[in-house]
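[1] Here is a sequence together with a model predicted from it:
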Amino acid sequence: MFNKGKSLSDNEMRQIISDFNLLYQNGVSQKSACDKISEKYGRGYWSILNIIGNNGNSIENKVVNLFEK
């Protein structure tokens, strides 16, 4: 992974969550979405999973919460 160990900006985190939500809402499985995003941003699968599921929120809540803000 080309960005392994580098800090994430708030903008990059928002973009990762946005990309995940778009894929997930279009029927892509969580694993496949994480794999695609991992490749795009050069981050590990678990890093992506932690970003989208931060603070113990479920994936479904993250999708809803993004559009409520």
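    Here it is on my side, so go on.
[2] For Leu8, which non-adjacent residue is spatially closest?
    Ile51 (7.2 Å; Cβ to Cβ, 6 or more residues apart in numbering). (C-beta placed from N, C-alpha, C; glycine too.)
[3] same for the helix or strand in which that neighbour is found, what does it pack against?
    In this structure, Ile51 sits in helix 45-52 according to DSSP states H and E. Judged by 3 or more Cβ pairs under 8 Å, 6 or more residues apart in numbering; DSSP states H and E, helix 45-52 is in contact with helix 10-25, helix 30-41.
[4] could the ones you listed go into TSV alongside mean pLDDT and mean neighbour count?
    Output for the helices and strands packed on helix 45-52, formatted as TSV (pLDDT from 0 to 100; neighbours: other Cβ atoms under 10 Å):
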stretch	mean pLDDT	mean neighbour count
helix 10-25	89	15
helix 30-41	91	16
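[5] ok so, going back, isn't the residue nearest to Leu8 right next to Met13, touching?
    Yes - using Cβ atoms under 8 Å, Ile51 is in contact with Met13, at 5.7 Å.
[6] Any buried residues in the helix holding Ile51, and which?
    Within helix 45-52, the residues that qualify as buried are 47-49, 51-52, counting by 16 or more other Cβ atoms under 10 Å.
[7] and which of those is nearest to Asn26?
    Ile52 (15.3 Å; Cβ to Cβ).
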